[in-house]
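Asks: Have a look at this fold, sequence not included:
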Ligand SMILES: Nc1nc2c(ncn2[C@@H]2O[C@H](COP(=O)(O)OP(=O)(O)OP(=O)(O)O)[C@@H](O)[C@H]2O)c(=O)[nH]1
């Protein structure tokens, strides 16, 4: 009911206002123009708020899907009856196979928002007379972001780590046999034809292991969204109240060599997040899925270095080793008075590179972009080394590229 109200309220209100005003014949032209102006501007504000809400809802990093392969087509029971062949024997064709359900990593896909909750592949076509076999159904491909982990009953089935990795999660059923198949010396005119098999069925959890290369981590109001806006074309909402960001926003930095690095603005952390306070575990779950972290520190508070200590503590308690992911601190709000002294103290206190910036004014954000690239290149080199080692150890291929 409330959603109906909220949807109709501006229109109804303005319509009534207009009615009331037009009812009085004394309404002059300028008043009418004013009414129309107010009506249009209120509707625009309302529409933009709705689209912002939609944008905020767009990022999805977990989905439960039910998948079912297509059923095989039934075999056909028929006899060949042609001119000159009045008893041509059995001629019922086999049914076609049902389609498979394939999950494929695609680097253009950034979230699981468009993954539906139920997938059913196409059924195979039934066999026909004159020995015509039914057509095999085409496969259903579900595109997911690179880094999607597929789980069944809590157990990891596979990790789609590279662009183009694909796996068949539900095979389609085989087509039934036509009566032609059962022709033998004992039975010259079989009437038996079998039905197509049902496709495989299962329920899977899709989880994004990596939502971005870099995660912007910080307390509410530290300026994470402002920083993301300054370094990418993402448009997260910026406001002077805590918890403006409730879901991660991912922005892409494109470098001159066309390399793209994804940066996630993660909702603000508060003390006690590991006890599920504030946005708690959902927040920490997102951090877990970033390759490296940038701690955004608000220099306008009294002792900004305590923010870094608290962040590190919360991460380590939630998952040991999380705080030792490659990281750096971004000291934000350098445009405010008295921040230079705090910056010096922060640099003395923390044991990591500190990049002083003003995200609001766009001052020195280039340094952040360069630092992100450094971390990214280092990480890529490490991943390449690890891949080489594991490929030497085993040649087992878990990802099915043919289906
Ligand atoms: N003076 C100054 N203000 C800033 C700067 N960066 C951000 N702000 C302000 O700080 C407030 C909070 O900024 P956000 O970017 O929404 O902060 P956030 O960390 O994303 O906040 P949450 O969404 O609550 O996690 C806004 O009023 C910004 O205008 C800066 O460099 N200088």
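Replies: Received, thanks. Just so it is clear, the structure is predicted and the values come from calculations on it, not from any experiment. Numbers count the residues shown, from 1 in each chain.
Asks: would you list every one of the helices in the protein?
Replies: 2-23, 29-57, 224-231, 280-288, 305-318, 339-349, 365-393 (DSSP state H).
Asks: least reliable of these going by mean pLDDT?
Replies: Here the lowest mean pLDDT among the helices of the chain goes to helix 2-23, at a mean of 48.
Asks: Looking at residue 139 now. What's its pLDDT?
Replies: At residue 139, pLDDT is 95.
Asks: Ok, the one 4 residues further on next?
Replies: Listed pLDDT for residue 143 reads 95.
Asks: In this structure it contacts residue 107, no?
Replies: No. Using Cβ atoms under 8 Å, residue 143 is not in contact with residue 107; the gap is 9.9 Å. From N, CA and C alone the C-beta is placed, and that goes for glycine too.
Asks: Tell me the spacing between the residue nearest to the spatial centre of the chain and the ligand.
Replies: The centre of the chain sits closest to residue 111, judged by Cα atoms, centre = their mean, with a distance of 1.5 Å. Shown here: residue 111 relative to the ligand, a distance of 19 Å by Cβ to the nearest ligand atom, to the nearest Å.
Asks: Next, give phi and psi for the residue of the chain positioned farthest from its centre.
Replies: Using Cα atoms, centre = their mean, the residue of the chain lying farthest from its centre is residue 84. It sits 63.2 Å away. Main-chain dihedrals, residue 84, degrees, to the nearest 10: phi 90, psi -10.
Asks: separation between it and the ligand?
Replies: Distance from residue 84 to the ligand, by Cβ to the nearest ligand atom: 82 Å.
Asks: quick one: that residue from residue 180, how far?
Replies: 19 Å (Cβ to Cβ, to the nearest Å).
Asks: next one: residue 88
Replies: Distance, residue 88 to residue 180, by Cβ to Cβ: 11 Å.
Asks: More neighbours: the two, which one.
Replies: Counted by other Cβ atoms under 10 Å, residue 88 and residue 180 do not tie: residue 180 has more neighbours, with 24 against 13.
Asks: Look up how far the ligand lies from the more buried one.
Replies: Residue 180 sits 68 Å away from the ligand, going by Cβ to the nearest ligand atom.
Asks: For that residue, which non-adjacent residue is closest in space?
Replies: residue 90 (4.7 Å; Cβ to Cβ, 6 or more residues apart in numbering).
Asks: List the residues that contact the residue lying closest to residue 181 once chain neighbours are set aside.
Replies: Leaving aside its sequence neighbours, residue 181 sits nearest to residue 94 (Cβ to Cβ, 6+ apart; 6.5 Å). Contacts for residue 94 were tallied using Cβ atoms under 8 Å, 6 or more residues apart in numbering; they are 73, 75, 127, 133-134, 175-178, 180-181.
Asks: rerun at 10 Å
Replies: 72-76, 124, 126-127, 131-134, 174-178, 180-181, 193-194, 196 (Cβ atoms under 10 Å, 6 or more residues apart in numbering).
Asks: Filter those down to the ones in strands?
Replies: Of the positions in the contacts of residue 94, not one sits in strands, assigned by DSSP state E.
Asks: Great, nothing more from me.
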